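Student: can you look at this prediction? I've put the sequence above it.
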Amino acid sequence: MILITNDDGVYSPGIQILAKRLKELDQVVIVAPDRERSAAGHSMTLHRPLLIEELKEDVYSVNGTPTDCVNIAVKGLLKEVPKLVVSGINKGPNLGDDVTYSGTVAGAIEARILGIPSFAISLSARSNFLFSTAADVAVRIARMIREEGMNSGTLLNVNVPNVELSGIRGTTITRLGKRIYHQMTVERVDPRGKKYYWIGGGEPEWECEEGTDFDAVGKNIVSITPLHLDLTDYASFDQLKVAERLEYQPTTPHEGQR
């Protein structure tokens with residue numbers, strides 16, 4: 001069984017096309033948010049009950065986040081543990097630092113935490129989405145994972161150029177690029193004179209470095225970035241050794257504290 005989720009909602013055409021194509025490999029079950037949950041990150045709903053609605057056979061909506069969907073599916077809804085979790089197809093890229101905000105990537109992260117191989121797949125476009133191209137890529141990657149397996153604790157973040165399949169120039173393994181943030185917050189004034197803010201203004205830009213996900217997609221190459229659940233920065237261990245010498249013995253209070 002393959003479990004599919006996303007952050008664009010259960011009615012997104014991307015998830016529908018993805019499900020249709022992955023049925024070539026195995027039974028497919030969709031468990032996805034009942035509405036758009038873009039930029040939900042790896043958030044989980046703890047302070048209200050979650051409702052599941054069966055829309056049709058093997059298609060369920062949840063009034064929660066992608067993380068909720070995967071957790072509920074694996075821990076309660078499904079009778080068997082999925083062999084693979086695919087999160088997407090996201091309407092828009094998830095490149096560089098944006099993976100930390102992405103609900104789509106978070107769905108794949110939650111699956112990996114639960115011990116299930118997973119990947120997130122996004123289409124690098126803002127309009128005129130060629131979901132069929134990304135679906136073709138997803139089938140190839142899903143088949144590869146089923147045949148070759150994956151390292152424990154690793155998930156894949158896949159970004160697909162928005163071109164016809166014939167225009168894809170190959171696949172490459174990449175590192176995360178560096179996003180350049182400009183005017184991300186837009187200030188407005190409502191009719192009563194009170195200020196309000198929109199987060200997300202301005203077109204994204206990035207540092208152009210060879211070997212990054214940004215660079216690959218810009219060249220019409222499918223980017224696969226392996227992400228690891230272990231966020232430890234091992235390179236900083238030696239530098240931070242000084243912290244192990246910090247003392248916590250009581251000190252004499254200052255004059256003003258007596």
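Tutor: In hand now; what should we look at?
Student: ranges for the helices of the stretch 151-258 of the chain?
Tutor: Shown for the stretch 151-258 of the chain, the helices assigned by DSSP state H, counting those that start in this stretch span residues 213-218.
Student: shaky segments in it?
Tutor: 181-184, 200-204, 206, 251-258 (pLDDT under 70).
Student: redo that, cut-off 50
Tutor: Applying pLDDT under 50 to the stretch 151-258 of the chain flags no residue at all.
Student: could you pull out the strands for it?
Tutor: For the stretch 151-258 of the chain, strands defined by DSSP state E, counting those that start in this stretch occupy the ranges 154-161, 171-173, 179-180, 185-189, 195-199, 205-206, 222-228.
Student: would you turn those strands into a markdown table with mean neighbour count?
Tutor: Any C-beta I mention is one placed from the backbone N, CA and C, and that applies to glycine too. Listed next are the strands of the stretch 151-258 of the chain as a markdown table, based on neighbours: other Cβ atoms under 10 Å:
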| stretch | mean neighbour count |
| --- | --- |
| strand 154-161 | 25 |
| strand 171-173 | 15 |
| strand 179-180 | 14 |
| strand 185-189 | 10 |
| strand 195-199 | 9 |
| strand 205-206 | 16 |
| strand 222-228 | 20 |
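Student: closest one to Pro66 among the ones you listed?
Tutor: strand 154-161 (13.1 Å; Cβ to Cβ).
Student: related to what we said a few turns ago, in a markdown table: the strands of the stretch 151-258 of the chain, plus distance to Val81.
Tutor: Shown next, in a markdown table, are the strands of the stretch 151-258 of the chain (distance: least, Cβ to Cβ, whole Å):
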| stretch | distance to Val81 |
| --- | --- |
| strand 154-161 | 16 |
| strand 171-173 | 28 |
| strand 179-180 | 35 |
| strand 185-189 | 42 |
| strand 195-199 | 37 |
| strand 205-206 | 37 |
| strand 222-228 | 21 |
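Student: out of the ones you listed, nearest to Phe237?
Tutor: Using Cβ to Cβ, those put strand 222-228 closest to Phe237, at 16.8 Å.
Student: which helices and strands does that closest one pack with?
Tutor: Applying 3 or more Cβ pairs under 8 Å, 6 or more residues apart in numbering; DSSP states H and E, one finds that strand 222-228 contacts strand 154-161, strand 171-173, helix 213-218.
Student: how about the CA coordinates for the longest one, as PDB?
Tutor: As requested, C-alpha coordinates have been extracted for strand 154-161 and formatted as PDB (Å, rounded to 0.1, in the frame of the first residue of the first chain):
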ATOM      1  CA  THR A 154      16.500   9.700   5.300                       C
ATOM      2  CA  LEU A 155      13.700  11.100   3.200                       C
ATOM      3  CA  LEU A 156      13.800  12.600  -0.300                       C
ATOM      4  CA  ASN A 157      12.700  16.100  -1.300                       C
ATOM      5  CA  VAL A 158      12.000  16.100  -5.000                       C
ATOM      6  CA  ASN A 159      11.400  19.200  -7.100                       C
ATOM      7  CA  VAL A 160      10.300  18.900 -10.700                       C
ATOM      8  CA  PRO A 161      10.700  21.600 -13.400                       C
END
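Student: pull up the pairing partners for that strand, direction included.
Tutor: strand 118-124 (parallel), strand 222-228 (antiparallel) (DSSP bridges).
Student: what of the shortest one?
Tutor: Using DSSP bridges, the strands paired with strand 171-173 in its sheet are strand 222-228 (parallel).
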